[in-house]
Structure formats: structure tokens, C-alpha cells
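Undergrad: A predicted structure for the sequence below; I have some questions about it.
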Amino acid sequence: MAAIPILLVGKNQEIREAQAKTLAKEFSEDPFDTHVINAISNGGIDTIREIIEMTTRRPFRASYSTFIINNAQYLTTEAQNAFLKTLEEPPPHTRIILTAITKHSMLSTIFSRCEVIDLGSGIEDLESITNNDIIFFNRYFDKSFFEQINNISAFDLDTWIKVWRKVLRAKILDQGASKTFSKLKTVEIKNYLKEILLVKAAMDKKVNQKLAFLKLMSDLLIFN
């Protein structure tokens, strides 16, 4: 009998990913049969098509092949729609785990096909957009592009990620946001946060920080 896919929401992404790995160990005792995909960098329809093809194969060593899709809210609409049939009727030897900010950050047709496990609210999730957040953004976007590049030493990427997540949550839950952010569409916020996370990953790999920041700002000057 096919198992219902699991959607983990709530808390922060680190906790969601850890919980997904814990569940995966229960399903696939051999890590060789556990596949982890990050939708931030692999959220297109080609990735989903590849996953769908892989779910048709038998596991190599374990009883089940487990697929974890982290940051599933970054799957494109096209990718989510392509995944519906597999979520509706996953192969009996397959287990699928998704992680996302909230279930409403994905299509309703996705979360309605999953067992949604809410891990609860984290401290970060409960915070609202503050005046300090607005000041933080204006400190950069009020400057010229080249001033932003030259002030890279003051660039606090973790703070950017935290603020953008709060903005995205406010949009998704229709809590209202400040005028600074209200003109942005949810998809624009998702794209910006995605780019920031990719830049952070590049910086963590010791890529030149100014070059990484230059790419981010040149791709997404959405406030200009």
C-alpha cells in the first residue's frame, strides 16, 4: 500500500531538515537509498521529472527509496503541478518528504495530498517586521549601487535572510507588511530570498564576497 507523502512545516529550516532526515532513517535504513534535493537550487520541472523517474526504480538495499525535497516552497508552479500524480499515488516502495515554511507557501493541490506535520512556531517565525528591519534595508537601498558594493564589509547576510523570511511569512499569511515591502509580490520575495541563500552558500564556500554580492544586486535590483 502506498504511503501518504509527508509535508513538514513550521519552526525553522534547519529543524525541518533535521526532522526529515530522522524520518528518512525510519523508512530507508541504508542512506544509499535516501535522496535529498534542495528546491532553492533545483526547483524546476526537470528536477521533478527526474525524481518521478527515480521513484519508479526499486531501492538498492533498503526496503524503501526515500526522497526529501527541502525548501519545497521554491518549486516552480509548473514543477508542483507535474508532481501531483506522483504525490497522489506514490509507488509502494517510495517515501516522499517535503519541507516548507507553511503549507500555504505551496499549492493547495500539493499540501492536500500530504500528511502535514506542523512542527510549531519558532522564535524567528513569531517576529513581525520592525522599524529596525526597514532601517536595515534602507541603509543599503538608499545608497548607489557602487556604494553598496564598496560597503560589502558591512553586509550582514544572515540578517537579510531573517528579514526576508519574515516578509515572506507576512505575505503568505496575509498579515500585512510595511509600505516598503507591500508593493512586492510573493513570487518576487521568494526569488529574492532564493538568490540570497544561493549567495550565502557561495560565500560559505569562500567565493569572493564582492563578486557574489555583485551578482545578487545586479540580478535583483527590485527596489530601484
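TA: Here it is on my side, so go on.
Undergrad: what residues sit buried inside stretch 101-118?
TA: Of the residues in stretch 101-118, 101-103, 105-107, 110-111, 113-114, 116-117 count as buried by neighbour count, 16 or more other Cβ atoms under 10 Å. Every residue, glycine included, has its C-beta placed from N, CA and C.
Undergrad: just those: which are in strands?
TA: 116-117 (DSSP state E).
Undergrad: so where's this protein uncertain?
TA: For the chain, applying pLDDT under 70 flags the ranges 1-2, 121-164, 166-184, 199-224.
Undergrad: all the helices of it, residue numbers only.
TA: In the chain, helices defined by DSSP state H lie at 13-27, 45-55, 77-88, 108-111, 123-126, 131-141, 145-150, 157-172, 179-182, 186-204, 209-219, listed in chain order.
Undergrad: from the buried residues of stretch 101-118, pick the one nearest Gly43.
TA: Closest to Gly43 out of the buried residues of stretch 101-118 is Met106 (11.3 Å), distances taken as Cβ to Cβ.
Undergrad: who touches Leu84 in this structure?
TA: Leu84 makes contact with 109-110, 113, according to Cβ atoms under 8 Å, 6 or more residues apart in numbering.
Undergrad: 7 Å instead?
TA: 109, 113 (Cβ atoms under 7 Å, 6 or more residues apart in numbering).
Undergrad: same question, the one 4 residues further on
TA: In this structure, Glu88 makes contact with Arg113, judged by Cβ under 7 Å, 6+ apart.
Undergrad: can you list the domain ranges for this protein.
TA: Per automatic domain parsing, the structural domains of the chain span 6-120, 127-217.
Undergrad: show the end-to-end separation of the longest one, please.
TA: So that's domain 6-120. 15 Å (Cα to Cα, to the nearest Å).
Undergrad: residues of stretch 89-101 that come out buried?
TA: Neighbour counts over stretch 89-101 (16+ other Cβ under 10 Å) mark 90-91, 93-101 as buried.
Undergrad: what do you get for stretch 43-61?
TA: Of the residues in stretch 43-61, those buried (16+ other Cβ under 10 Å) are 43, 45, 47-48, 51-52, 55, 59.
Undergrad: what's stretch 65-80 in contact with?
TA: Contacts for stretch 65-80 (Cβ under 7 Å, 6+ apart): 13, 17, 20, 24, 27-28, 33-40, 43-45, 47-48, 51, 55, 59, 93-101, 105-107, 110, 190, 194.
Undergrad: now that stretch: buried residues?
TA: By 16+ other Cβ under 10 Å, the buried positions in stretch 65-80 come out as 65-75, 79-80.
Undergrad: what's the answer for stretch 7-16, then?
TA: For stretch 7-16, by 16+ other Cβ under 10 Å, it's 7-13, 16.
Undergrad: how long is that stretch end to end?
TA: Rule used - Cα to Cα; the end-to-end distance of stretch 7-16 is 10 Å.
Undergrad: ok, now stretch 50-61?
TA: Terminal residues of stretch 50-61 lie 20 Å apart, using Cα to Cα.
Undergrad: contacts for that stretch, please.
TA: 28, 30, 32-33, 35, 37, 65, 67, 86, 90-91, 93-94.
Undergrad: out of these, who's nearest Lys185?
TA: Ile37 (25.3 Å).
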